[in-house]
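Predicted model and sequence below, questions to follow.
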Amino acid sequence: AQKITQTQPGMFVQEKEAVTLDCTYDTSDQSYGLFWYKQPSSGEMIFLIYQGSYDEQNATEGRYSLNFQKARKSANLVISASQLGDSAMYFCAMRKGYNTDKLIFGTGTRLQVFP
Amino acid sequence: GAVVSQHPSRVICKSGTSVKIECRSLDFQATTMFWYRQFPKQSLMLMATSNEGSKATYEQGVEKDKFLINHASLTLSTLTVTSAHPEDSSFYICSAIDQADSYTFGSGTRLTVV
C-alpha cells in the first residue's frame, strides 16, 4: 500500500538559513506524483511544489526546491533563505498513477523560523 | 487561479443535529472532489471521493450514513455530518482537481459539536 513518511515532527531554522524537510514514500507504481503543501495556522492548504516520477530534473519554485531521489524513494523539500512567514505545517503528499487521483498525505512537519 | 469556496469556515452545533458543509468550484468544473478530515496536529485523512452525478466512494472505516456526500453539479459538492457528536469535531477540508490538473483546496471548516 502507498505510504508517505515524514520523520521530523518539528524543525527549527534561523531566518535567512536553508532548511530541509524530509519525506520518503512507498509505492509499487511506476507513475506517481509528489507534492508539498504548506498549512499555516489558518488551515488553508497552499501548494508549493510538484515532482512527477518521470521528471528527470528536480523541481524548483522560487525559494522551494525538491530533492528527488527516486532510487531511495525520497522527496525532500528544501526551503532556502527562510523567512518568518515560512513558519507553518508542511505536508508531503503522493498521487497515485493511473487509476486514481487520490492524494495521500504524510504526518507533517512543523517548521518554526526564528529571528 | 482556480478557487474552491468552502462554507462555513466555522460552525458550532449541538450534539444530535446535522451540519452541511459546501464546496464550490468558482471558475472551473470539478468532476471530482475529495473530502478530508484533520484532527488537531494530525495529517489530512481522505474520507471520500465525490463524483458528479454518482455515488461517492468512501474510504475504509468512514461511515457513509454518517457523512453524506452529494455532488449534484459540476461546481458543488456537499458534506453533511448527520447526528453529529463531539467526536465528530474536527477540521474538514475539500479539494478538487482544476483545469490545470492541480489540486485546489477549500479553506476548510472547523466543526465543533457541543
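Thanks, I have the structure now. Numbers count the residues shown, from 1 in each chain, chains lettered A, B, ... in the order given.

for chain B, what are the nearby residues on chain A?
Counting by C-beta under 8 Å from any C-beta of the partner chain, chain A comes close to chain B at A:35, A:42-45, A:47, A:50, A:91, A:101-108. Glycine gets a C-beta too; all of them are placed from N, C-alpha and C.

Pull out the buried members of the residues you listed.
A:35, A:43, A:45, A:47, A:50, A:91, A:101-108 (16 or more other C-beta atoms under 10 Å in any protein chain shown).

So which of those residues is the closest to B:Glu22?
A:Gly43 (16.4 Å; C-beta to C-beta).

if I read this right, that closest one contacts B:Phe105, doesn't it?
No. Counting by C-beta atoms under 8 Å, A:Gly43 sits too far from B:Phe105 to count as a contact (9.5 Å).

which ones are touching A:Gln51?
A:33-34, A:58-59, A:66, A:68, A:75 (C-beta atoms under 8 Å, 6 or more residues apart in numbering or on different chains).

So among the buried ones among the residues of chain A next to chain B, where is pLDDT lowest?
Lowest in pLDDT among these is A:Asp101, which has 83.

how about the helices in chain A?
Counting by DSSP state H, no segments of chain A form helices.

So, low pLDDT: which residues of it?
The model of chain A has pLDDT under 70 over residues A:97-100.

Between A:Gly43 and B:Phe105, which contacts overlap?
What both A:Gly43 and B:Phe105 touch, as defined by C-beta under 8 Å, 6+ apart, is the set B:Ile93.

just to revisit the earlier point, restricted to buried residues, select the contacts of A:Gln51 in ChimeraX.
Typed into ChimeraX, the line below selects the buried ones among the contacts of A:Gln51, using 16+ other C-beta under 10 Å:
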select /A:33,34,59,66,68,75
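
list the contacts for the residue of chain B most remote from its centre?
Distance from the C-alpha centroid of chain B, by C-alpha atoms, centre = their mean, peaks at B:Ala100 (21.3 Å). If a contact means C-beta under 8 Å, 6+ apart, then B:Ala100 has B:Ala2 as its contacts.

Give me the average confidence score over stretch B:103-114.
96.

Actually, stretch B:61-70.
Stretch B:61-70 comes out at a mean pLDDT of 95.

now that stretch: how far from the chain's centre is it?
11 Å (C-alpha atoms, centre = their mean, to the nearest Å).

Can you tell me the centre-most residue of chain B?
B:Trp35 (4.0 Å).

Just give me the neighbour total for the nearest residue to it once chain neighbours are set aside.
Computed as C-beta to C-beta, 6 or more residues apart in numbering or on different chains, the closest residue to B:Trp35 that is not its neighbour in sequence is B:Met47, at 4.6 Å. Neighbour count of B:Met47, defined by other C-beta atoms under 10 Å in any protein chain shown: 24.
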